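Enquirer: Curious how this folds, go ahead:
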Amino acid sequence: MILINDDFHKIKSKSVYVALGSFDGLHIGHLSLINKSIDLAKKNNGLSMVYTFENHPLTFINKEKAPKLLIDNKNKIKLLENLGIDIACFINFNEHVMKMNPSDFIKKLVEQYNIKGIVVGFNYRFGYKNLGDLELLKKLSEKLDFELYVMEAMLWKYEVISSTRIRQMISNGSVEEANTLLTRPFMLSGKVIHGRKIGRTIGFPTANMEIDRNMIIPKKGVYYTNLECKGKFLKGITSVGNNPTVNGDNITIETYILDFSESIYDNEVKVYFIEYIRDEIKFNSLNDLKNQLEKDKNFAKLRNIKI
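Expert: Predicted coordinates:
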């Protein structure tokens, strides 16, 4: 896959079929656009492209209102490559981009990338103040000689699938529903850091993961998870919360890894949230906590690795 950042001059050798959008999460709705661009490129001996922003527009316009992310760019690029996209173009959303006239935006895109087909969602808007809409895009397709493909809304339980809806599910602990719409388990990645090491005193040492505050964090509680580390996929019990039994203050994401005893401090790990087990509980003693963790462990033993 070719990765482009703010450079319009690398791709001119073939016809390009591009999917336009923010693609936060790469959920079922987004995949319909991406797969369409791939199919068109194969059919016409061209190249498929995803054109998106490396930063959410609200991080520039109004940072306080910017949504938490469902996937970071590093993992988004890897996923796009696995899907079979030929070109991924991540543009920095800045003042110049924000003020770009809608018609100029499409004209520049078509001419510089040799675009022969544009794929968008049913509610796609573009350009300065989102003034560009599907009606304008249709007129531009005739004027600039490209095919326009508008994908219908994807529904689940009679409601439109959206990144906002998936974020709400994760915030509510409904990770199984969120995973259905993402077509994969929701994942957080980070470095394993030193914690208070209380878990090891009761036979449940945990990997304490560094938290990326830009990412959506699941509801406080205990989850059955799968953990990826050093090329291995392992079962885990992950606690998201403040560790109330031992009077914790800051929110942590800690995973007890089943049948694993290696030291993985400073290693990058990926934690995939598979199933919500229970709420966060303040136990009367560490022994009560240990007894509950044994039950959680037995729950996890009966589950399969789903990555």
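
Enquirer: Just say helix, strand or coil for Val120.
Expert: strand (DSSP: H, G, I helix; E, B strand; the rest coil).

Enquirer: who's it bridged to?
Expert: Beta-bridge partners recorded for Val120 (DSSP bridges): Val150.

Enquirer: quick one, what contacts it?
Expert: By C-beta atoms under 8 Å, 6 or more residues apart in numbering, the contact list for Val120 reads 19-21, 33, 134, 137, 148-151. C-betas here are computed from N, CA, C, even on glycine.

Enquirer: Looking at these, state which has the most neighbours.
Expert: Highest neighbour count within the contacts of Val120: Ala19, with 29 neighbours (other C-beta atoms under 10 Å).

Enquirer: Am I right that that one sits in a strand?
Expert: Yes - counting by three-state DSSP, Ala19 is part of a strand.

Enquirer: how close does it sit to Met100?
Expert: Distance from Ala19 to Met100, counting by C-beta to C-beta, to the nearest Å: 19 Å.

Enquirer: same deal with Lys74?
Expert: Using C-beta to C-beta, Lys74 is found at 27 Å from Met100.

Enquirer: Next: Met151.
Expert: Counting by C-beta to C-beta - Met151 and Met100 are separated by 24 Å.

Enquirer: Name the residue in Lys74 and Met100 with the higher neighbour count.
Expert: Neighbours were counted for Lys74 and for Met100 using other C-beta under 10 Å; Met100 has more, 16 against 9.

Enquirer: So that one, which state does it fall into?
Expert: Quick answer, by three-state DSSP: Met100 is coil.

Enquirer: Help me confirm that it comes into contact with Gly127.
Expert: Yes - using C-beta atoms under 8 Å, Met100 is in contact with Gly127, at 5.9 Å.

Enquirer: which residues are in contact with both of the two?
Expert: Common neighbours of Met100 and Gly127 (C-beta under 8 Å, 6+ apart) do not exist.

Enquirer: In space, not sequence, find me the middle residue of the chain.
Expert: Ile71 (2.2 Å; C-alpha atoms, centre = their mean).

Enquirer: show me the contacts for it.
Expert: Applying C-beta under 8 Å, 6+ apart, the residues contacting Ile71 are 24-26, 79, 187.

Enquirer: And Phe273, by the same measure?
Expert: Residues in contact with Phe273 (C-beta under 8 Å, 6+ apart) are 170, 175, 179, 185-188, 218, 223, 225, 238.

Enquirer: Next: Ile216.
Expert: 67-70, 167, 170-171.

Enquirer: Equivalent analysis for Val110, please.
Expert: 118, 144, 146.

Enquirer: okay, the contacts of Ile216 in CSV with neighbour count and pLDDT next?
Expert: Putting the contacts of Ile216 into CSV (neighbours: other C-beta atoms under 10 Å; pLDDT from 0 to 100) gives the following:
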residue, neighbour count, pLDDT
Pro67, 15, 93
Lys68, 15, 95
Leu69, 19, 95
Leu70, 22, 97
Arg167, 18, 97
Ile170, 23, 98
Ser171, 14, 97
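
Enquirer: Asp279: which of those is nearest?
Expert: Comparing these against Asp279 with C-beta to C-beta places Ser171 closest, at 14.2 Å.

Enquirer: Not counting sequence-adjacent ones, nearest residue to Glu275?
Expert: Tyr224 (4.3 Å; C-beta to C-beta, 6 or more residues apart in numbering).

Enquirer: ok, what's across the strand from that neighbour?
Expert: Note on Tyr224: beta-bridge partners Ile237, Glu275, judged by DSSP bridges.

Enquirer: OK, contacts around it?
Expert: 235-238, 274-275, 277, 299-300, 303.

Enquirer: out of the residues you listed, which one sits closest to Lys63?
Expert: Thr238 (28.8 Å).

Enquirer: Next up, the contacts around that closest one.
Expert: 222-225, 253-256, 271, 273.

Enquirer: quick one: it and Gly231, what's the gap?
Expert: 20 Å.

Enquirer: cool, Ala178 as well?
Expert: 26 Å.

Enquirer: what pLDDT does the spatially closest residue to Gly199 that is not a sequence neighbour get?
Expert: Nearest residue to Gly199 in three dimensions, chain neighbours excluded: Thr206, at 4.4 Å (C-beta to C-beta, 6+ apart). Per-residue pLDDT puts Thr206 at 89.

Enquirer: cool, Ile11 as well?
Expert: On pLDDT, Ile11 comes in at 64.

Enquirer: now Thr59
Expert: So Thr59 comes in at 87 (pLDDT).

Enquirer: who's in contact with it?
Expert: Contacts of Thr59 by C-beta under 8 Å, 6+ apart are 66, 93.

Enquirer: In a helix, it, correct?
Expert: Yes - looking at Thr59 with three-state DSSP, it is inside a helix.
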